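In: Let's see this in three dimensions:
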Amino acid sequence: MTALNGDLTKLSNDIVMDHSTRSLAGPELELKCINTIRALSADMIQKAKSGHPGAPLGCAPIAHLLWSEVMQYCPSDANWWNRDRFVLSNGHACALQYSMLHLTGYSDVQMKDLMQFRQMGSTTPGHPECFLTSGVEVCTGPLGQGISNAVGMAMAESHLQATYGDKIMNHSTYVLCGDGCLQEGVASEACSLAGHLGLGKLCVLYDDNQITIDGSTDLSFTENVPQRFESYGWHVQTVRDVTGSLNDLRKAIKEAQACSDKPSLICVKTQIGYGSDKVGTAGVHGAPLGDADIIQLKQGAGLDSTETFCVDDDVKDFYKSVQTRVEAEKKKWDQQWQDYQRSCPEKAAALQRRFSGELPDDIFEDLPANSEKSDATRKCSQACLNVIGPKLPELMGGSADLTPSNLTAFAGCEDFQKNCPEGRYIRFGVREHAMSAICNGLFAHGAIRPYCATFLVFSGYALGAIRVSALSKFPVLYIMTHDSIGLGEDGPTHQPIETLESLRSIPNLNVVRPADANEMAAAYRMGLESKKTPTVICCTRGGVAPLEKSCGEKALMGAYIVQKEQTESPDCVLLATGSEVSLCVEAAKLCKGKNIRVVSMPCQEVFLAQSEDYQQSILPGNVPTLSVEASAVRGWDRFAHACHGIDEFGRSAPAKHNFEYFGFTPSAIAEKAQRVMDFYDTTPVPNLRNRPMI
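Out: Below is the predicted model of the structure:
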């Protein structure tokens, strides 16, 4: 607790509030707990001089009820498998979540941490970050992501309960969201699928305060939300007040829990900024209240307005009793787990391995290798899934209504459906953004390794969620097929040009473009062995010639030599990815009298993580180097003196004609390589490795 300075104490004495309007039908301590949550949240934001007080003030009654009566959780074991998952989808309201984590005893959120809200290195960042703070399940902030993640969490619980039984897996997923989340398209996609799947243990509490940043929702959001969700197949209720009593909300949550065949939406009418002078206005959404407003808020709540970050002993004792109760429930589960280990040792061992993130020993044995025939790398991907899927029970995913094209249904898998929750293949429908966000939720839940697929160009629809995968350190596996102008007749609307560049610009994301079956096997190893980095595997639509000297083990290094020069030093290096590698091998043969090295670089990011010595052994830097990729060229100048790519949209034509038109044939590549060598015959070759390290 921190005393205010003298000027603020005087200000506090000058402000007189009528407390009569701040009553709650229920125990006096209940109201005091709720008001303490409000005061803590306001103090955090005021000290940081930054944040969003409106939602915490309005939603404090909801948070209090969830943490004190509804949810099962364990502060001393924040990652308990059978905890209820809570997702703050309107992540800007995180001061509310941090207040609850502190009050209920999470070690990551001490009072000193609340005082460091939004500061460098704190466990209380400006939006929830799951890798920083125990008790935070997912990174939320981009509106709509959290509620979509929650759909994935509920799917994971449903699947694991069907697989391992309800004694061990039996929990719910609760979401707090606002108007902004429900306006985002990703939420519509995800909630539509949730209704189809009948996810009865998903409960969304909608903070229906009718205010957005611009002002009243009358400006832009006048749809009938309850009817919309009813049309999705949800169980919908409305609670019209939580300031006078929590009884209606208690009843609504119990009814939601009793509805086992539909997800539930509870529309809770709240007042944004409740207790503030700015209550009910957009002005209370995203700025500190100011000292005078906080003082009158505390006085109106019957709290000591001369103190900040203050939790009275009776409030502490109440939440301590809550912590004692939930910890006791966890101990009961621990006994059930021990009984389960004795009665079902194989299942128990499998579940323990799955939650640990360790892979079975044999999953990469028998992965397909090159054959003599040309094959589309999407078919090589399918062959990998057919080997890995049956051996890896946590592998769960699907396609955005492109299964016959993406080739992502592995041998023997059943669909995950309302009447078949044990299934592992997900029919996401045409919902690319939600598909990716749901996969984030599947991974966040634990014991699931999610994958999803669409055409590479449509990763643009999913980019917001892919970015969150990378930020969250969730190693989701993205399988993106039809990866270039080689998809042919569907034309420029479907042909990715800038997409690889866009994906490669995201930190902590590995983008892999395999050249053949050997490299595809390496790509799956990269993706599944990764514990903190998502992987995008880019696959061709059409056939590519297998490389005579490709090597999966070497491909794991990110780049390697697939054709070595005949002399000690090459005259030129051809550097390529995917379908262009075999073209470069053929082009090298056309460069008569020249010693050409061909390098395959399936993954730039993995290559750049290798030692300086290894990188230099592959790409010397002082040898004329031409990069070749049927995509935008930006980024390749790190590796090559000249870059052959595409700087315009594609054409609707057969793949062969597209490659010819844009110069991706052995003869065209050989000609460009010769021009590069000719240029450097009379000009010193700059060493690309001779750059300052800053």
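In: could I get stretch 204-214 in PDB with only the CA atoms?
Out: C-alpha atoms of stretch 204-214 as PDB (Å, rounded to 0.1, in the frame of the first residue of the first chain):
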ATOM      1  CA  VAL A 204     -18.700 -16.500 -23.100                       C
ATOM      2  CA  LEU A 205     -19.600 -13.500 -20.900                       C
ATOM      3  CA  TYR A 206     -20.200 -10.500 -23.200                       C
ATOM      4  CA  ASP A 207     -19.500  -7.100 -21.600                       C
ATOM      5  CA  ASP A 208     -22.400  -5.400 -23.200                       C
ATOM      6  CA  ASN A 209     -21.600  -1.800 -22.300                       C
ATOM      7  CA  GLN A 210     -22.600  -0.300 -25.600                       C
ATOM      8  CA  ILE A 211     -19.500   1.800 -25.900                       C
ATOM      9  CA  THR A 212     -16.500   1.700 -28.300                       C
ATOM     10  CA  ILE A 213     -13.600   4.000 -28.700                       C
ATOM     11  CA  ASP A 214     -15.500   6.100 -31.200                       C
END
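In: For that stretch, the averaged confidence score.
Out: Confidence for stretch 204-214, expressed as mean pLDDT, is 97.
In: same question, stretch 233-248
Out: Per-residue pLDDT values over stretch 233-248 give a mean of 97.
In: what's the burial count for Asp334?
Out: 14 (other C-beta atoms under 10 Å). All C-beta atoms are positioned from the backbone trio N, CA, C, and that covers glycine.
In: Let me see the backbone angles for it.
Out: phi -60, psi -40 (degrees, to the nearest 10).
In: Confirm Ser436 sits in a helix?
Out: Yes - counting by DSSP: H, G, I helix; E, B strand; the rest coil, Ser436 falls inside a helix.
In: Show the contacting residues for it.
Out: Counting by C-beta atoms under 8 Å, 6 or more residues apart in numbering, Ser436 touches Cys452, Ala462, Ala465, Ile466, Ser469, Val476, Tyr478.
In: let's see 10 Å
Out: With contacts defined as C-beta atoms under 10 Å, 6 or more residues apart in numbering, the neighbours of Ser436 are 145, 148, 152, 186, 400, 428, 450, 452, 454, 459, 461-469, 476, 478, 534.
In: Skip the chain neighbours and tell me the closest residue to Asp218.
Out: Spatial nearest neighbour of Asp218, chain neighbours left out: Gln210 (7.8 Å); criterion: C-beta to C-beta, 6 or more residues apart in numbering.
In: How about the contacts made by the one you found?
Out: Asp179, Ser216, Thr217, Asp218, Phe221, Lys269, Thr270, Gln271, Ile272, Gly280.
In: now these as JSON lines including secondary structure?
Out: Shown next, in JSON lines, are the contacts of Gln210 (three-state DSSP):
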{"residue": "Asp179", "secondary structure": "helix"}
{"residue": "Ser216", "secondary structure": "strand"}
{"residue": "Thr217", "secondary structure": "helix"}
{"residue": "Asp218", "secondary structure": "helix"}
{"residue": "Phe221", "secondary structure": "coil"}
{"residue": "Lys269", "secondary structure": "strand"}
{"residue": "Thr270", "secondary structure": "coil"}
{"residue": "Gln271", "secondary structure": "coil"}
{"residue": "Ile272", "secondary structure": "coil"}
{"residue": "Gly280", "secondary structure": "coil"}
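In: could I get these as a markdown table with distance to Leu619?
Out: Shown next, in a markdown table, are those (distance: C-beta to C-beta, whole Å):
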| residue | distance to Leu619 |
| --- | --- |
| Asp179 | 51 |
| Ser216 | 58 |
| Thr217 | 55 |
| Asp218 | 59 |
| Phe221 | 53 |
| Lys269 | 62 |
| Thr270 | 58 |
| Gln271 | 62 |
| Ile272 | 56 |
| Gly280 | 62 |
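In: Among the residues you listed, name the buried ones.
Out: Taking 16 or more other C-beta atoms under 10 Å as the criterion, what is buried in the contacts of Gln210 is Asp179, Thr217, Lys269, Thr270, Gln271, Ile272, Gly280.
In: Select from the contacts of Ser436 every entry located in strands.
Out: Among these, DSSP state E puts Pro450, Cys452, Thr454, Tyr478 in strands.
In: Isn't Asn406 up against Phe455?
Out: Yes - between Asn406 and Phe455 there is a contact under C-beta atoms under 10 Å: 7.9 Å.
In: Compare these two (neighbour count), which wins?
Out: Neighbours were counted for Asn406 and for Phe455 using other C-beta under 10 Å; Phe455 has more, 26 against 23.
In: Tell me who's in contact with the more buried one.
Out: The contact partners of Phe455, taken as C-beta under 10 Å, 6+ apart, are 399-400, 402, 405-406, 432, 461, 480-483, 487, 490, 494-496, 499, 539, 541.
In: Going through these, which ones are buried?
Out: Applying a neighbour-count criterion of 16+ other C-beta under 10 Å, the buried members of those are 399-400, 402, 405-406, 432, 461, 480-483, 487, 494-496, 499, 539, 541.
In: Can I get stretch 271-291 as PDB, trimmed to CA atoms?
Out: In PDB, the C-alpha atoms belonging to stretch 271-291 read as follows (Å, rounded to 0.1, in the frame of the first residue of the first chain):
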ATOM      1  CA  GLN A 271     -21.700   0.300 -17.300                       C
ATOM      2  CA  ILE A 272     -18.200   1.100 -18.600                       C
ATOM      3  CA  GLY A 273     -16.200   3.000 -16.000                       C
ATOM      4  CA  TYR A 274     -18.700   2.300 -13.200                       C
ATOM      5  CA  GLY A 275     -18.000   4.600 -10.300                       C
ATOM      6  CA  SER A 276     -16.000   7.100 -12.400                       C
ATOM      7  CA  ASP A 277     -17.200  10.600 -13.300                       C
ATOM      8  CA  LYS A 278     -16.900   9.400 -16.900                       C
ATOM      9  CA  VAL A 279     -19.100   6.400 -16.400                       C
ATOM     10  CA  GLY A 280     -20.900   5.400 -19.600                       C
ATOM     11  CA  THR A 281     -18.700   7.400 -22.000                       C
ATOM     12  CA  ALA A 282     -16.000   6.600 -24.500                       C
ATOM     13  CA  GLY A 283     -13.700   8.900 -22.500                       C
ATOM     14  CA  VAL A 284     -13.200   6.200 -19.800                       C
ATOM     15  CA  HIS A 285     -12.200   3.500 -22.200                       C
ATOM     16  CA  GLY A 286      -8.500   4.100 -22.700                       C
ATOM     17  CA  ALA A 287      -7.000   6.800 -20.400                       C
ATOM     18  CA  PRO A 288      -6.200   7.000 -16.700                       C
ATOM     19  CA  LEU A 289      -9.000   8.400 -14.600                       C
ATOM     20  CA  GLY A 290      -6.900  11.100 -12.900                       C
ATOM     21  CA  ASP A 291      -6.300  11.500  -9.200                       C
END
